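Colleague: need coordinates for the following:
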Amino acid sequence: MIGVTAAVLLPFGTVVPAGADADPNAIDFAVESSMGTINTRIVRAADGNTDRVVYLLDGERAENDLNGWEKHTSIPAQMAKFNINVVMPVGGQSSFYADWEQPSSFNGVNPDGSMLPSADSGSAIGGWEDTQGKTTAYQWETFITKTLPEALKSRLGFSSTRNGVLGLSSGGSAALLMAAYYPQQFSYAGSLSGYLHMSMPGMREALGAAMIASGGYNIEAMAPAGSEKWRRMDSYGFAEKLIANNTRLYISAGSAKPADQDLSSIDAITQGMPLEAIALANTRSFEKRLTALGYTNVSYDFPDIGIHNWGTWEQVAIRLMPDMAPHIGKPLPAGAKPPAAAAPPGAPGAEPPAGGAPPK
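Modeller: Predicted structure coming up:
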């Protein structure tokens with residue numbers, strides 16, 4: 001059973017760097033939903049267009065103040081320079097951005113948040129004080145595919161067709177699900193260190209343990225074992241839908257080998273390496289699935305160095321942008337180039353991971 005031992009000890013979260021600031025160019029965009037008021041952070045495209053839109057999905061330990069892409073990377077600002085409007089929903093810890101069957105609880109009881117550290121304390125187990133998804137059921141899929149795009153269109157004029165969606169870790173499988181089931185909205189999807197074969201032996205148990213660790217959530221409230229909802233969430237199972245849609249895909253996972261700058265971090269060794277090893281096994285299995293089905297409208301990116309952390313994902317996202325550019329927004333005439341934009345620079349102040357060759 002792959003990864004069960006590691007997942008029981010460690011959440012499928014992220015190794016979080018110290019220090020994080022909000023992007024001064026991002027705006028708050030509050031939308032009412034069945035989950036209450038949900039804030040989304042928006043960074044507008046440099047050229048002012050409204051048809052090139054990308055959603056950035058967070059990971060297992062999404063927090064309620066800012067989306068991790070804004071909090072821990074320069075990617076939103078870089079995408080804006082690349083003439084892309086960036087949409088970053090805030091919140092949704094352990095949600096997989098799914099519509100849950102019911103509010104999370106364990107026989108009507110939820111873990112007491114006072115028992116453990118907060119989600120941002122650095123503890124491997126925490127965030128139990130989060131009540132989102134426990135008083136009312138998570139309905140993130142509906143929010144991202146209906147409520148939010150309707151609000152973006154009516155209030156900002158953003159297109160709700162030929163959008164892109166990228167996710168990391170648990171958000172990786174969610175990104176592919178959105179593209180599989182909502183092809184009219186998403187023409188491009190990227191998974192960075194995602195769990196793309198959730199029916200692999202041991203994965204449900206591993207994910208269930210991770211969800212308890214990351215906020216005290218019950219996987220049975222999301223999708224009961226053996227249910228159609230659970231099968232529907234597995235990227236390996238819905239791969240044929242992506243092919244039928246001809247969705248452009250970008251699929252990446254690191255080698256689980258740390259870069260030199262990661263070696264000083266205990267979390268990088270004890271969490272980032274085993275978590276990325278599980279993500280890599282899942283992602284390679286999904287790659288084999290697509291290859292067996294003959295699908296070629298995909299770029300694979302498997303860097304020689306990379307663990308389950310924001311440094312890895314930032315570098316992958318930089319490499320991804322030129323691949324994404326022709327596949328979102330208004331279709332380009334044959335032979336035309338994407339709108340002119342600043343070339344995505346290297347991550348400011350960070351040494352790119354070794355093995356960062358262009359994707360094959």
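
Colleague: only C-alpha atoms for contact and neighbour calcs from this point on.
Modeller: Will do.

Colleague: now do the helices in the stretch 151-300 of the chain.
Modeller: With DSSP state H, counting those that start in this stretch applied, the stretch 151-300 of the chain shows helices at 170-181, 203-213, 219-222, 228-232, 235-245, 266-267, 273-292, listed in chain order.

Colleague: quick one: those helices as JSON lines, columns for mean pLDDT and mean neighbour count too.
Modeller: Rendered in JSON lines, the data for those read as follows (pLDDT from 0 to 100; neighbours: other Cα atoms under 10 Å):
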{"stretch": "helix 170-181", "mean pLDDT": "98", "mean neighbour count": "27"}
{"stretch": "helix 203-213", "mean pLDDT": "93", "mean neighbour count": "23"}
{"stretch": "helix 219-222", "mean pLDDT": "97", "mean neighbour count": "22"}
{"stretch": "helix 228-232", "mean pLDDT": "97", "mean neighbour count": "15"}
{"stretch": "helix 235-245", "mean pLDDT": "99", "mean neighbour count": "19"}
{"stretch": "helix 266-267", "mean pLDDT": "78", "mean neighbour count": "15"}
{"stretch": "helix 273-292", "mean pLDDT": "97", "mean neighbour count": "21"}
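
Colleague: if I look at the nearest residue to Leu293 once chain neighbours are set aside, how far off is Ala179?
Modeller: Across the structure, with Cα to Cα, 6 or more residues apart in numbering as the measure, the residue nearest Leu293 apart from its sequence neighbours is Glu240 (7.9 Å). Distance from Glu240 to Ala179, counting by Cα to Cα, to the nearest Å: 12 Å.

Colleague: ok, Ala221 next?
Modeller: With distances taken as Cα to Cα, Ala221 is found 24 Å from Ala179.

Colleague: before we move on, what about Leu263?
Modeller: Per Cα to Cα, Leu263 is found 36 Å from Ala179.

Colleague: which stretches of the protein have low pLDDT?
Modeller: Residues of the chain meeting the criterion pLDDT under 70: 1-20, 112-128, 339-360.

Colleague: closest to the centroid, which residue in it?
Modeller: Most central residue of the chain, judged by C-alpha distance to the mean C-alpha position with Cα atoms, centre = their mean, is Gly167 at 2.1 Å.

Colleague: check contacts around that one.
Modeller: For Gly167, the residues meeting the contact criterion (Cα atoms under 8 Å, 6 or more residues apart in numbering) are 56-59, 173-175, 190-192, 194.

Colleague: kindly reformat those residues as a markdown table containing distance to Ala22.
Modeller: As requested, the contacts of Gly167 are exported to a markdown table (distance: Cα to Cα, whole Å):
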| residue | distance to Ala22 |
| --- | --- |
| Leu56 | 15 |
| Leu57 | 16 |
| Asp58 | 15 |
| Gly59 | 18 |
| Ser173 | 26 |
| Ala174 | 24 |
| Ala175 | 23 |
| Gly190 | 24 |
| Ser191 | 24 |
| Leu192 | 22 |
| Gly194 | 25 |
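
Colleague: so which of the residues you listed is the closest to Gly254?
Modeller: Leu192 (8.6 Å; Cα to Cα).

Colleague: tell me which residues touch the closest one, please.
Modeller: By Cα under 8 Å, 6+ apart, Leu192 lies in contact with 166-169, 172, 251-253, 313, 316.

Colleague: among those, who's most crowded?
Modeller: Ala253 (33 neighbours; other Cα atoms under 10 Å).

Colleague: what about the spatially closest residue to it that is not a sequence neighbour, how many neighbours?
Modeller: Setting aside the residues directly before and after it, Ala253 is nearest to Ser193 in space (Cα to Cα, 6+ apart), at 4.4 Å. The burial count assigned to Ser193 is 35, neighbours taken as other Cα under 10 Å.

Colleague: spit out the contact partners of Ser193.
Modeller: Residues in contact with Ser193, defined by Cα under 8 Å, 6+ apart, are 168-169, 172, 252-254, 276, 279-280, 283, 308.

Colleague: do Ala174 as well
Modeller: Taking Cα under 8 Å, 6+ apart as the contact definition, Ala174 lies against 96-98, 167, 233.

Colleague: of all pairs in those residues, which one is the farthest apart?
Modeller: Applying Cα to Cα across the contacts of Ala174, the maximum distance is between Gly167 and Met233, 14.4 Å.

Colleague: so which bits of stretch 188-204 are buried?
Modeller: Along stretch 188-204, the positions that meet the burial threshold by neighbour count (16 or more other Cα atoms under 10 Å) are 188-200, 203-204.

Colleague: so of the residues you listed, which ones are in strands?
Modeller: Among the buried residues of stretch 188-204, the members found in strands (DSSP state E) are 188-192.

Colleague: still on that earlier bit, can I get the helices of the stretch 151-300 of the chain in a markdown table including distance to Ala259?
Modeller: Written out in a markdown table, the entries for the helices of the stretch 151-300 of the chain read as follows (distance: least, Cα to Cα, whole Å):
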| stretch | distance to Ala259 |
| --- | --- |
| helix 170-181 | 22 |
| helix 203-213 | 25 |
| helix 219-222 | 33 |
| helix 228-232 | 35 |
| helix 235-245 | 29 |
| helix 266-267 | 13 |
| helix 273-292 | 11 |
